[in-house]
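Trainee: Fold the following, please.
(4 chains)
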Protein chains: 2
Amino acid sequence: MDAGTEGSEPQGGVSSVGRVTLQQLAQELGLSTATVSLALRDSPVVADATRHKVLEAARSRGYVANRGAASLRTARTNIVGIGLHDIINPSFTELLAALEDSLSAAGKTVLLGVSQEDVARQTRTLGTLAEYRPDAFIVSPAAGTTVNDLRALAASGIAVVQVTRQVEGSGFDFAGSDDVAGVALGVAHLVELGHRRIGMIGSFPAASTGRSRLAGYKAGLAAAGLPFDPALIAEGPGLRETGRAGVLQLLDLPQPPTAAVCFNDLNAFGALMGLQSAGLTAGRDFSLVGYDDVSEAALWHPPLTTVFTRIPEYGVIAAGLALKRIADPTRPVERVMLTPRLVVRDTTAPPPTGRR
Amino acid sequence: MDAGTEGSEPQGGVSSVGRVTLQQLAQELGLSTATVSLALRDSPVVADATRHKVLEAARSRGYVANRGAASLRTARTNIVGIGLHDIINPSFTELLAALEDSLSAAGKTVLLGVSQEDVARQTRTLGTLAEYRPDAFIVSPAAGTTVNDLRALAASGIAVVQVTRQVEGSGFDFAGSDDVAGVALGVAHLVELGHRRIGMIGSFPAASTGRSRLAGYKAGLAAAGLPFDPALIAEGPGLRETGRAGVLQLLDLPQPPTAAVCFNDLNAFGALMGLQSAGLTAGRDFSLVGYDDVSEAALWHPPLTTVFTRIPEYGVIAAGLALKRIADPTRPVERVMLTPRLVVRDTTAPPPTGRR
DNA sequence: GGCGGCATCCTAAACGATTTAGAGCAGGCG
DNA sequence: CGCCTGCTCTAAATCGTTTAGGATGCCGCC
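Mentor: Numbering: from 1, shown residues only, chains lettered A, B, ... in the order given. The predicted structure is shown next:
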């Protein structure tokens, strides 16, 4: 490590003097812990004068409640565990931001676990989170997760809501978008522009989103009376690299497509790069539809036509579902699927004439 | 909400039967809680046969430890609170990912708080996190944070390490990169290519990074014997929009620069878009140096010349500092500044001839 | 004057783990 | 036979809160 390291005086603690507890406060005030506890939480049964004394003492002594101790007694932690498989992917970052924002607004704190798309790591991570007894879990399951992998979660009695992806038959609440309709929307747009050979870039059958989006692709073709040709699918996960290689692979076909929909925006960004490296211009030589509409999509050159899956919206909804289930664990399972919206920008246009 | 909502049977809990505790395990096994506790943590004082019985029972009954209760006794939570001001910005996402990864590898769990670049919200958030008694805080302070704002943290007796940004005089550990050297590196690169009028896009004096990077810009100019001209600075936070507007603003100058360094990569991405909208090509008509080298940078078109600040590396280091301070709260303060590295790609070239 | 009713505060028992001091017990040894 | 040593295990205190169920004192009222 070529680091510039500089040592100096130890951390100056103003008063590392044994953290002040509610009991100490009580003793100093000549009150019982019960009274102090009630006063701190604005109970109406404690006299105004007393409450003020307590609050003042708490402030001046720098009292900060020990939520762990309180939780032990109340069996409520105000923690929500969030299990994601990936936080680098911008769509999940946007999701995390939305979740954190609404949860913290509701007084919950976020305990984060990342599974890196690895089921074993996911069970380990969720197991660890569970030891903190979150009031709820919000999970986007790693690819390949089965109902069995989630059984422990179900047995824990903790509220669970799935977001974005779902494990079929898990019986948990869900918030996400209607991927079948979403991709079909993209295909329909291309069809309307005159495209007849339309590929799909990115295919990820290990996740529910992968299956649904593929189904949406097929549905879109079928609705237009177009045949499904497996050769037009460039497989791979939702990464830029998949898109770059995928579009080149499609262009190399004996009968290349004139357009493609993508599994997600990252695929599309990669495909845009691939087109550029092949000397082609997206929108003119080849049409491309992304998926998700992450905030970058509008800013690419050319701006990406894509399908807005309303991630921030369903993030808020997922947080709401968690809160509702915490409040009433016996309420019926709720599955919310938002209808995506097509966002037409500049990467789609009628197919190049003369090549039709 | 145009949501497709579907209700059905309530969540099926395999056994919502009152969560099994260590005491219950002990009772069922005819052992004391002490023995069970020791067995679960692989203490050598408990006989092998007993340990096996305990572990087997724990497994079959689905026992999951209550870390809150344990923490109450041990005064250690294995939680690390992470306070960031922003998680959408890809550089902070990459930082968060690195932090989470090394902390979870060390058996710590991440409690997340986001301040949205708002000091008041930051104190509220950190206060809430503190109630969970994390073993340490890792914080990238919101812009405008003063030593005073962090005093409560210092007084809490919780280990604190700052990452990326630091509040001068706070006396906390720090891990980040040497921004003065980093930006100077970018300037030197442009000078070497022959540029004489070099602007800076993005300037953010409310954060230590903003001040250091500006200082680096000035240092770079001074080293080359070039004058500092305030008109060549396009102010604004590290967002794409700042970059887009900033580059146009610079180009509109009576004596426009032929190149610019940026506060961060987002600024550079925006500037690339701005150039494109002005019909200019980065690298040919105008040279641009980003800052951070987020993973996107290599993938833009053209690929961005930028300064790699080694975010994932100092993320790991920050996590390590936190662990070390947890282990020894009295160790001397350590400040680590990694030396950034220039990454030359395609957005920099000699200034256009004839316009020099 | 006794008593009910308030308002206010307190006692004490949880919550679920960890940990220390020491209890049983078996075997070995003088 | 008595004592010491090791190996296991247990009893009980403890961490910092919350909360049910009193206790206390004061007032007014019949």
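Trainee: Every contact and neighbour count from this point should use C-alpha atoms.
Mentor: Will do.
Trainee: residue contacts, A:Gly315?
Mentor: Neighbour list for A:Gly315: A:95-96, A:98-99, A:163, A:175-176 [criterion: CA atoms under 8 Å, 6 or more residues apart in numbering or on different chains].
Trainee: phi, psi of it?
Mentor: A:Gly315 adopts backbone torsions of phi -60, psi -50, taken as degrees, to the nearest 10.
Trainee: wait, isn't A:Pro303 in contact with A:Asp346?
Mentor: Yes: when contacts are counted by CA atoms under 8 Å, A:Pro303 is listed as touching A:Asp346 (5.4 Å).
Trainee: Neighbour count for these two, which is higher?
Mentor: Shown here are A:Pro303 and A:Asp346; by other CA atoms under 10 Å in any protein chain shown, A:Asp346 has more neighbours (20 against 17).
Trainee: if we can go back for a sec, between the contacts of A:Gly315, which has the most around it?
Mentor: Highest count within the contacts of A:Gly315 by other CA under 10 Å belongs to A:Ala175, 30 neighbours.
Trainee: That one touches A:Thr164, doesn't it?
Mentor: Yes: here A:Ala175 reaches A:Thr164: they are 6.3 Å apart, a contact under CA under 8 Å.
Trainee: so what's the residue in the stretch 151-300 of chain A that DNA strand D sits nearest to up against?
Mentor: Per CA to the nearest atom of the strand, A:Ile158 is where the stretch 151-300 of chain A lies closest to DNA strand D, at 18.7 Å. Taking CA under 8 Å, 6+ apart, we find A:Ile158 in contact with A:133-137.
Trainee: Output the contacting helices and strands for the helix or strand in which A:Glu28 is found.
Mentor: Following DSSP states H and E, one finds A:Glu28 within helix A:22-29. For helix A:22-29, the elements it packs on are helix A:33-40, helix A:48-61, judged by 3 or more CA pairs under 8 Å, 6 or more residues apart in numbering or on different chains; DSSP states H and E.
Trainee: closest to B:Ala297 out of those?
Mentor: helix A:48-61 (47.7 Å; CA to CA).
Trainee: circling back to that earlier point, what about the contacts of A:Gly315, which are in helices?
Mentor: A:95-96, A:98-99 (DSSP state H).
Trainee: Please tabulate these in CSV, including the columns pLDDT and distance to DNA strand D.
Mentor: As requested, these are exported to CSV (pLDDT from 0 to 100; distance: CA to the nearest atom of the strand, whole Å):
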residue, pLDDT, distance to DNA strand D
A:Leu95, 98, 31
A:Leu96, 98, 29
A:Ala98, 98, 28
A:Leu99, 98, 26
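Trainee: before we move on, back to that, which single one of the contacts of A:Ile158 is nearest to B:Val261?
Mentor: A:Phe137 (43.5 Å).
Trainee: Beta-bridge partners for the closest one, please?
Mentor: Here A:Phe137 sits in beta bridges with A:Gly81, A:Val160, as judged by DSSP bridges.
Trainee: domains of chain A?
Mentor: Under the assignment automatic domain parsing, the domains of chain A span A:22-65, A:78-177+A:311-338, A:179-309.
Trainee: Turn those domains into JSON lines, including distance to B:Val261.
Mentor: Shown next, in JSON lines, are those (distance: least, CA to CA, whole Å):
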{"stretch": "domain A:22-65", "distance to B:Val261": "45"}
{"stretch": "domain A:78-177+A:311-338", "distance to B:Val261": "25"}
{"stretch": "domain A:179-309", "distance to B:Val261": "20"}
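Trainee: rewinding a little: highest average neighbour count across the helices and strands packed on helix A:22-29?
Mentor: Of all the helices and strands packed on helix A:22-29, helix A:33-40 has the most neighbours on average by mean count of other CA atoms under 10 Å in any protein chain shown, namely a mean of 18.
Trainee: and of the domains of chain A, who's closest to B:Thr330?
Mentor: Closest among the domains of chain A, using CA to CA: domain A:22-65, at 21.9 Å.
Trainee: and that closest one, how far apart are its ends?
Mentor: 8 Å (CA to CA, to the nearest Å).
Trainee: starting at the chain centroid, how far to it?
Mentor: Averaged C-alpha coordinates place domain A:22-65 at 41 Å from its chain's average position (CA atoms, centre = their mean, to the nearest Å).
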